[in-house]
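Undergrad: next comes the sequence, and after it the predicted model I'd like to discuss.
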Amino acid sequence: MAYSKLKSAVAVLSICAAGAAYADKSDGTLSVAFTKELENVDSYFNSSREGVVLQRAVWDGLVYRDPVTSEYKGNLATAWEWIDDVTLEFKLREGVTFHNGEAFNADDVVFTVNFVADAENGVKTQRNVSWMKSAEKIDDYTVRINLKAPFPAAIEFLSGPVSMYPNEYYAEVGPKGMGLNPVGTGPYKVAEVIPGQRFVLEKNAGYHDSPKGQPSIERVDIRTIPDINTQIAELFNGTLDLIWQTPADQAEKLAQMDQFTVANESTMRIGYLTLDAAGRTGEDNPFTNLKVRQAVAHAINREALVSALLKGKSQVISTACFPSQFGCDQAVKSYDYDPEKAKALLAEAGYEDGFTTEFYAYRNRDYAEAISSYLNAVGIKTDFKMLKYSALRELRTAKGTPVSFQTWGSYSINDTSAITSQFFKLGALDDARDPELRDWLDVADSSTNPDTRKEFYSKALNKIADNAYWVPMFSYNTNYVYGNDISYTPTPDEVLRFTTMTWN
Amino acid sequence: MTLAPSTNSVDPLLQDIVGPTPGQQLRRRFFGHRGLMIGASVVAVLLVIALLAPVIAPHDPYAQDLLARMKPPVFLGGTWEHILGTDHLGRDYLSRLIYGARVSLLIGFVAALISGTIGTAMGVAAGYFGGRTDAVVTFLINVRLAMPVVLVALAVVAILGGSLQVVIGVLGLLLWDRFAVVMRASTLQVRGREYVSAAQAVGASTPRILLSEIMPNILNNLIVVITLEMAHAILLEATLSFLGLGVQPPTPSWGLMVSEGKNMMLFEPWLVLIPGAVLFVLVLAINLMGDGLRDVTAPENRS
């Protein structure tokens, strides 16, 4: 009954908004909302999910990984082979042109790789590119990429964050110009960029025969709308066609209405607590004590978090990686929900009366509150601090945090090196600072033998779990809500693919 | 006519001439003022609720139950187990509302007390001494008025981190301007009165003059400003908490409750409406009370 009321309210709203431009099938424009502002469209100079979405639409990589079968297919390259452990040779696709008319050839690959691999150019996420040393041109349509050290996940990275830029244009305009007026080879051209607010994409009619498929939707109009209620209201009155990353509660309500399709898909993002095991925030930090960290792990009811808050295709996670990632051993120590045991462990550690700690978080305030409430229940009082992502990252880089609720989406790279190695190799965000882990992960990252890799990732993951450096909790899911005139099947990697969307 | 003296009853004729005592008059005006009565009783009820929160609250306001999230209130088809439903973490809404009253009233009282002390001291000093003191205080008031309260509070809380103490401190140190302005003007008015001159003439010390001659005569203005600023502080706390920079979770605060319910506003409007309505009622009651007190305590013919 409440819904029929809501519907009539919506109908009234729609009548009020009759003057507004209807974005729909009739004019071929798909209106999409982004929740967060995207700082720079240049995919090497942002680290957000929105950036990945635009990157996959505007640019292409040498290789493409089918999101369903996980099979690697040639995109800008047609064939590749390992010359030796540190050299990869690619045959490039001929006849591809960039959106500005520039022809794609070996020079573009060489320029792009050499530019991003040079740490001085400041690519935002160094791990995505730092494994490459340089590229060299063999002939116009043959290039070799030289690696710094053996790196078995190379093809995975080349199919993901490493996309090819036009050499002449990029040399001229740089990351700033690329961000304002992006040029790539991808299925969509960028027609308009208002930084942080609006991105308009137009179908690239001359798109090459790529495994991404040919785009069908003419125009995609993306606007940044931070407030979920505004997004839903716009969805109701037809000025938005698709919203995503919709919180579970709202998605559940929208799913009960007939005019929308709600699709839920898991993502590679996992949520975890990182604990200050190394004592970066002070030698006497309680979290330097293993028993305290284990108490935290036992204090949190992860099943309840998943079933009541995250819902959908989320699952409980015990490892410091996403289960589908290569090398993500699931057979590690897992801590069940046992508040009594948590209290006992705290008492053993000398904190019979608990203690007070700062608790940091940057997203999903409700999840963070629920988690901190579980900690409160066993006697760990939390001084709850919600910061912006960039501010928290800065704080963690500078002096660490005793406990913070973090998430990581691995840039949708299906390999453990994209997460575990990112955080446990003594980098600025490593709260464990365990040299042994670094050594094992180095072996795992650089070995070309899959069995050795699995073995060392497993050793590292087991140690992380035994020592409770992290308290992995759950994987995320994403809700995609769209009108019934659109058909789309989301993929588990949380990349919104406009190319595979069609009007019904 | 008997000659027995009537010791207990006053001659009605005499009473007519003498009239009620000033105390009786005040009481009569007090109880006869409807706005004041309504405001004061609402504030009193909320005060009792806040003080007795642990006894009254049906549940622990911090106990979360993720399996019973966002249960609707009774009047929207909920159960009597949770009269006002539960919030997004399954905590009892009524209990959080009751404990939230403590936060709101505490912040209102203490912030008004701090700012009242600062503002009154400055205003009375400026008004009584005049000259350079007045110039300095007037300058400080102007500086303070030039700063937008919410912006400054946001900045300070962002730097120091949000907590109950910080919010009380920040609001207490920011809201003294109206006290200073009003107290200065009232002091100027009474400074030249005969009784002040008389006190000066008999050689009373300055503190004595300020405390026993000036203060009692400007007290009614102070009371009005205190109530206004209390309401102001309560609203500002709600604003800061709504913006995530005030009282931090899991402390129940009405502003925080509005903020937490905001995301579900389209589907579960009561999450926002209930704490919003209570906040409205409290602020309205305090303002009614202040307004009434002004009417009642103002000297004759000035209400």
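TA: Looks like it came in fine.
Undergrad: neighbours around the closest residue to chain A within the stretch 51-200 of chain B, how many?
TA: Across the stretch 51-200 of chain B, no residue is closer to chain A than residue B:66, which sits at 3.6 Å (C-beta to the nearest C-beta). To be clear about C-beta, it is placed using only N, CA and C from the backbone, and glycine gets the same treatment. Counted with other C-beta atoms under 10 Å in any protein chain shown, residues neighbouring residue B:66 total 19.
Undergrad: give me the pLDDT for it.
TA: You'll see residue B:66 listed with a pLDDT of 86.
Undergrad: contacting residues for it?
TA: Neighbouring residues of residue B:66 by C-beta atoms under 8 Å, 6 or more residues apart in numbering or on different chains: A:301, A:304, A:305, A:307, A:308, A:309, A:370, B:89, B:90.
Undergrad: so which two of those are the farthest from each other?
TA: A:307 and B:89 (13.7 Å; C-beta to C-beta).
Undergrad: of the two, who's got more company?
TA: The neighbour count for residue A:307 versus residue B:89, taken as other C-beta under 10 Å, is higher for residue B:89 (23 against 14).
Undergrad: drop anything exposed from the contacts of residue B:66.
TA: Among those, those classed as buried by 16 or more other C-beta atoms under 10 Å in any protein chain shown are A:301, A:304, A:305, A:308, A:309, A:370, B:89, B:90.
Undergrad: any idea of the pLDDT on the fourth one?
TA: Translated: residue A:308. 91.
Undergrad: again with residue A:139
TA: What the model reports for residue A:139 is a pLDDT of 92.
Undergrad: which one is it nearest to, not counting chain neighbours?
TA: Nearest non-adjacent residue to residue A:139, counting by C-beta to C-beta, 6 or more residues apart in numbering or on different chains: residue A:106, 6.9 Å away.
Undergrad: surely the one you found meets residue A:164?
TA: No. Contact criterion C-beta atoms under 8 Å: residue A:106 and residue A:164 do not qualify, at 10.6 Å.
Undergrad: neighbour-wise, which of those two wins?
TA: residue A:164 (26 against 20).
Undergrad: got any ranges where the stretch 201-303 of chain B has weak pLDDT?
TA: B:299-303 (pLDDT under 70).
Undergrad: contact residues of it facing chain A?
TA: B:244, B:248, B:249, B:250, B:260, B:262, B:263, B:264, B:265, B:266, B:267 (C-beta under 8 Å from any C-beta of the partner chain).
Undergrad: in three-state terms, label the second one for me.
TA: Taking DSSP: H, G, I helix; E, B strand; the rest coil as the rule, one finds residue B:248 in the coil state.
Undergrad: with residue B:66 as the reference, measure out to it.
TA: 20 Å (C-beta to C-beta, to the nearest Å).
Undergrad: what of the first one?
TA: For residue B:244, the distance to residue B:66 under the criterion C-beta to C-beta works out to 22 Å.
Undergrad: now do residue B:272
TA: Counting by C-beta to C-beta, the gap from residue B:272 to residue B:66 is 21 Å.
Undergrad: pretty sure residue B:63 sits against residue B:91.
TA: Yes. In terms of C-beta under 8 Å, residue B:63 counts as a neighbour of residue B:91; the distance is 6.4 Å.
Undergrad: neighbour count winner among those two?
TA: residue B:91 (25 against 13).
Undergrad: return the residues in contact with the more buried one.
TA: Per C-beta under 8 Å, 6+ apart, neighbours of residue B:91: B:59, B:61, B:62, B:63, B:64, B:65.
Undergrad: in a markdown table: the residues you listed, plus distance to residue B:100.
TA: Below are those laid out as a markdown table (distance: C-beta to C-beta, whole Å):
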| residue | distance to residue B:100 |
| --- | --- |
| B:59 | 14 |
| B:61 | 8 |
| B:62 | 12 |
| B:63 | 15 |
| B:64 | 16 |
| B:65 | 19 |
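Undergrad: where does chain A get nearest to chain B, residue-wise?
TA: The minimum distance from chain A to chain B, using C-beta to the nearest C-beta, falls at residue A:308 (3.6 Å).
Undergrad: could you find the closest non-adjacent residue to residue B:181?
TA: Spatially, and ignoring its direct neighbours in sequence, residue B:181 is nearest to residue B:141 (6.1 Å; C-beta to C-beta, 6+ apart).
Undergrad: would you mind measuring from the one you found to residue A:382?
TA: 40 Å.
Undergrad: only the buried residues of the helix of greatest length in chain B, if you could.
TA: Counting residues, the longest helix found in chain B (DSSP state H) is helix B:93-129. Under the neighbour-count criterion of 16+ other C-beta under 10 Å, helix B:93-129 has B:93-105, B:107-116, B:118-128 buried.
Undergrad: which secondary structure elements does that helix contact?
TA: With contacts defined as 3 or more C-beta pairs under 8 Å, 6 or more residues apart in numbering or on different chains; DSSP states H and E, the packing partners of helix B:93-129 are helix B:34-51, helix B:53-56, helix B:131-146, helix B:164-174, helix B:177-191, helix B:215-242, helix B:254-261, helix B:270-297.
Undergrad: still on that earlier bit, between the contacts of residue B:66, which is closest to residue B:222?
TA: Each of those was checked against residue B:222 using C-beta to C-beta; the closest is residue B:89, at 42.2 Å.
Undergrad: need phi/psi at the closest one.
TA: Torsion angles at residue B:89 (phi, psi; degrees, to the nearest 10) stand at phi -120, psi 10.
Undergrad: no further queries at this time; thank you.
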